[in-house]
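# Pasting a predicted model and its sequence here:
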Amino acid sequence: MKIEHRHAERHVLNVTVDNEPGILAKITGLFTARGYNIDSLTVADISEDHHISRITVVTNGPPQVIDQIMAQLDRLVPVHKVVDLTEEGPHVERELALIKVRGRGDDRVEALRLADVFRARPVDTTTESFIFELTGPPDKIDSFVALMREIGLVEVGRTGIVGMMRGSQPA
Amino acid sequence: MSDERSGAAILVESLVRQGVEFVFGYPGGAVLPIYDELFTDQRIRHILVRHEAGAAHAAEGYARSTGKPGVVLVTSGPGATNAITGIADAYLDSIPLVVITGQVATNLIGTDAFQEADTIGLTRHCSKHNYLVKDPADLASTIEEAFEIATTGRPGPVVIDIPKNVQVATADMPAGASSRRRRYAPQTVGAPEEILHAVELIAGAERPVLYTGGGIINSGPRASDLLRQLQQRTGAPVTSTLMGLGAFPADHPDWLGMLGMHGTLEANMAMNQCDVMVCIGARFDDRVTGRLEAFSPGSKKIHIDIDRASINKVVPVDLGIVGDCASVLEQLLEIWGERRTGDIGEWKARIAGWRARDCLAYPERKDEIMPQKAVQRLFDLTRERDPIITTEVGQHQMWAAQYFGFMGPNKWLTSGGLGTMGYGLPAAIGAQLGNPDSLVIDIAGEASIQMNIQELGTAVQFRLPVKVFILNNEYMGMVRQWQELTYESRYSNSYSDSLPDFVKLAEAYGWKGVRISSHSELDEGIAAMLDHDGPVIVDCHVSKDANCFPMIPSGAAHTDMLLYGDMVAGTMEDEAKALV
């Protein structure tokens, strides 16, 4: 007997929720319990009165599964709204990364030169290392990390993705 | 003027405001302030069960037979964990429950305190919603909101975890309604263009079928009336899931019987060959669909469900309508008007052909009572009294579903989704409390009944004349049947050794015990059960090797149905075994 794996596509979902204890566990638990994937997850309080949080989930699955994920999220009592940015149209995705690189001499010059190309900002410097701060779409961060690996990558910290629809209207 | 009370008093007052008559529960350290309040207040009747699982199932039985939410009160830690099976059961069958659990004091939460369990974490995925109340000022609004969430939309269990110090601390009792939830608003009415589309599809059908489920029962008796009207106007044959039995009368000529794994040949063949399937308040459970690729390949499918997540979850449909069954049926009937269906004469003839196979026939035996026969006689001898039937889980449950005719909603209480052995006795207790004048019978197996047998004591304490009718074949019959089908009759642990003497057990608890072991005792034993106005256990010894037919083996299509005498041991393929 073989276990089947299904073809999947990537979707970015914005989930607006009541900011109550346990809500993140409820959302992530739903993904685990129903066998959905989480590629990236960010969450922060977004309202003035701290009552509402936005959770951005990057997930993957066939269209039917994505539709189920949306419906299953939507039926949770503390969930206000679920928007699939990937389906809704043009949107912006951003991620923040901190990247620590070690190097001396020419390597330092090269690291700074590449950082400049990527608009990464050094936020900490020692005689033999940098920490760069870089914001951008995830693949840009991937490319920068790959280049830094050649020079002397020490460690990477990434926030996961936040996303928003383009244009003047809320999603 | 302020009306300051303890959290426990606010809780009880809030329950009274919700119209709660009964609380099913079991006391313990973390709920003592609430128990003290129940003792002094006296407006709510507390039903002391013998195990917290019994409390949850009894509340389910009360809810499903009365249409009102069931309320459970248990202590922290083991009290809460014991109740979880019942909570999960109510979740899968969409039964409205409000479950109040005690919790250790807020300053002890997270310290592995005595009888501490993370009830919120444990019940997160088997409840519709849950709360940890940290301030008595939030209690009244939380209770109010919990009842609303439990009973509206797709009903389900809601858990409220209340730390002991919150029960003792005081706050103002609000004078009236105080709901704070801003968003929860399930969609109840179907979109008009979808209703119109559905009517066109049904009217154009040559081979329609109505596939109905527990959603119709949950929607209230009006939905059952409307279903009968829709059937009358369309002429379509009706089948139902295990959960939906009773929404359509079993003696109607267009009733096909139950569908699915142990459904009738005519129901499953009609599902397979229909051209328009109208699924109302059911969810294409795997016990209904069989092998998905072969499920009703040629039909247009309409799905009416209050839960959007149920639509396209398992089977992609042509038209999904989100809404309450009663509202949507009413909308359909309104547009239907005087419209007629296409000619469905040929379809009816085809169905008559399947029906002629008499798929529920079974061979009688001279020296043994066939379990099917026992259920049929039970039905014949009690139908005048319109009984409420509960069941445990297993072969007896399927025989009850097949051979007992249900004429109206809220008369059939069974654990469908979770398949919980031990459900029937406490559910019967809850049903009897909610329906004191009804005849309530738990059709049980000798294995299942032992899972919550301690509730015999509850029935005695509260003078509930429930009847337990055990089909005793000394096996976990459904397990044995599967072992015959898939494991070449290797009966691994399916034989019940050391069974109790159920008659003596009944007497030990103060019940009446009746034993039936031959044909001549069958009617007499049932009559003795009915004549006694207290609780009765009937230990009915039936054929030990009888199996449930018809049967669609897991992983097979509706067209691959086994009828009586078809079963061949060890014929199931590996892939199908995994689906068991």
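Nice, I can see it. Residues are numbered from 1 along each chain as shown, chains lettered A, B, ... in the order given.

# quick one: contacts of the longest strand belonging to chain A?
Secondary structure of chain A read by DSSP state E shows that its longest strand is strand A:91-102. The contact list for strand A:91-102 (Cβ atoms under 8 Å, 6 or more residues apart in numbering or on different chains) reads A:12, A:40, A:85, A:111, A:120, A:123, A:128-138, A:141, A:144-145, A:148, A:151-166, A:171. For glycine as for every other residue, the C-beta is placed from the backbone atoms N, C-alpha and C.

# Get me the contact residues on the stretch 101-250 of chain B for chain A.
B:120-121, B:124-125, B:128-129, B:132, B:149, B:154, B:181, B:183-184 (Cβ under 8 Å from any Cβ of the partner chain).

# could I get the residues you listed as JSON lines with pLDDT, secondary structure and neighbour count?
Output for those, formatted as JSON lines (pLDDT from 0 to 100; DSSP: H, G, I helix; E, B strand; the rest coil; neighbours: other Cβ atoms under 10 Å in any protein chain shown):
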{"residue": "B:Ile120", "pLDDT": "96", "secondary structure": "helix", "neighbour count": "22"}
{"residue": "B:Gly121", "pLDDT": "95", "secondary structure": "helix", "neighbour count": "14"}
{"residue": "B:Arg124", "pLDDT": "95", "secondary structure": "coil", "neighbour count": "18"}
{"residue": "B:His125", "pLDDT": "93", "secondary structure": "coil", "neighbour count": "16"}
{"residue": "B:Lys128", "pLDDT": "97", "secondary structure": "coil", "neighbour count": "23"}
{"residue": "B:His129", "pLDDT": "96", "secondary structure": "strand", "neighbour count": "21"}
{"residue": "B:Leu132", "pLDDT": "97", "secondary structure": "strand", "neighbour count": "22"}
{"residue": "B:Ile149", "pLDDT": "96", "secondary structure": "helix", "neighbour count": "23"}
{"residue": "B:Arg154", "pLDDT": "96", "secondary structure": "coil", "neighbour count": "21"}
{"residue": "B:Arg181", "pLDDT": "62", "secondary structure": "coil", "neighbour count": "17"}
{"residue": "B:Arg183", "pLDDT": "74", "secondary structure": "coil", "neighbour count": "12"}
{"residue": "B:Tyr184", "pLDDT": "85", "secondary structure": "coil", "neighbour count": "16"}
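
# Dump those residues into CSV; add distance to B:Tyr475 as well.
Listed next are these as CSV, based on distance: Cβ to Cβ, whole Å:
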residue, distance to B:Tyr475
B:Ile120, 40
B:Gly121, 38
B:Arg124, 37
B:His125, 33
B:Lys128, 36
B:His129, 40
B:Leu132, 44
B:Ile149, 42
B:Arg154, 36
B:Arg181, 49
B:Arg183, 51
B:Tyr184, 46
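
# Can you tell me which of those residues is closest to chain A?
Checking these against chain A by Cβ to the nearest Cβ gives B:His129 as the nearest, at 4.2 Å.

# I figured the closest one hits B:Val158, correct?
Yes - B:His129 is within contact range of B:Val158, at 5.1 Å (criterion: Cβ atoms under 8 Å).

# Counting neighbours, what do you get for the closest residue to B:His262 other than its chain neighbours?
When the adjacent residues along the chain are set aside, B:His262 lies closest to B:Met398, with 4.4 Å between them (Cβ to Cβ, 6 or more residues apart in numbering or on different chains). Residues lying near B:Met398 (other Cβ atoms under 10 Å in any protein chain shown) number 28.

# need the contact list for B:Met398.
B:262, B:478, B:548.

# Just the ones in helices from the residues you listed, please.
B:Met478 (DSSP state H).

# so which of the contacts of B:Met398 comes closest to chain A?
Distances from chain A to the contacts of B:Met398, taken by Cβ to the nearest Cβ, are shortest for B:Met478, at 23.4 Å.

# Now do the same contact list for residue 80.
No chain was given, so I picked chain A. Taking Cβ under 8 Å, 6+ apart as the criterion, A:His80 is in contact with A:16-18, A:52, B:183.

# To clarify, I was referring to chain B.
Taking Cβ under 8 Å, 6+ apart, one finds B:52, B:74, B:101-102, B:117, B:119, B:122-123, B:161 in contact with B:Ala80.

# what do you get for B:Pro192?
Applying Cβ under 8 Å, 6+ apart, the residues contacting B:Pro192 are B:Gln331.

# What count of nearby residues applies to the residue of chain A found nearest chain B?
Nearest residue of chain A to chain B (Cβ to the nearest Cβ) works out as A:Ala71 at 3.8 Å. A:Ala71 has 18 neighbouring residues, counting by other Cβ under 10 Å.

# One more: A:Val79?
21.

# ditto for A:Arg104
A:Arg104: 10 neighbours (other Cβ under 10 Å).

# secondary structure class for it?
Here A:Arg104 is recorded as coil under DSSP: H, G, I helix; E, B strand; the rest coil.

# which ones are touching A:Asp124?
A:130-131.

# Retrieve the pLDDT associated with it.
We have a pLDDT of 97 for A:Asp124.

# Can you pull the phi and psi angles for it?
phi -150, psi 140 (degrees, to the nearest 10).

# ok, now which ones touch B:Gly320?
B:194, B:302-303, B:305, B:308, B:311-312.

# and if we set it to 6 Å?
Listed by Cβ atoms under 6 Å, 6 or more residues apart in numbering or on different chains, the contact set of B:Gly320 reads B:303, B:311.

# cool, and B:Asn452?
By Cβ under 6 Å, 6+ apart, the neighbours of B:Asn452 are B:54, B:422, B:425-426.

# Can I get those in a markdown table including distance to chain A, pLDDT and secondary structure?
As requested, the contacts of B:Asn452 are arranged in a markdown table below (distance: Cβ to the nearest Cβ, whole Å; pLDDT from 0 to 100; DSSP: H, G, I helix; E, B strand; the rest coil):
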| residue | distance to chain A | pLDDT | secondary structure |
| --- | --- | --- | --- |
| B:Gly54 | 27 | 98 | helix |
| B:Gly422 | 24 | 98 | coil |
| B:Leu425 | 30 | 98 | helix |
| B:Pro426 | 27 | 98 | helix |
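
# Kindly present those residues as TSV, with separate columns for neighbour count.
Listed next are these as TSV, based on neighbours: other Cβ atoms under 10 Å in any protein chain shown:
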residue	neighbour count
B:Gly54	31
B:Gly422	27
B:Leu425	30
B:Pro426	34
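
# Just give me the closest of those to B:Asn493.
Nearest to B:Asn493, judged by Cβ to Cβ, of those is B:Gly422 at 17.7 Å.
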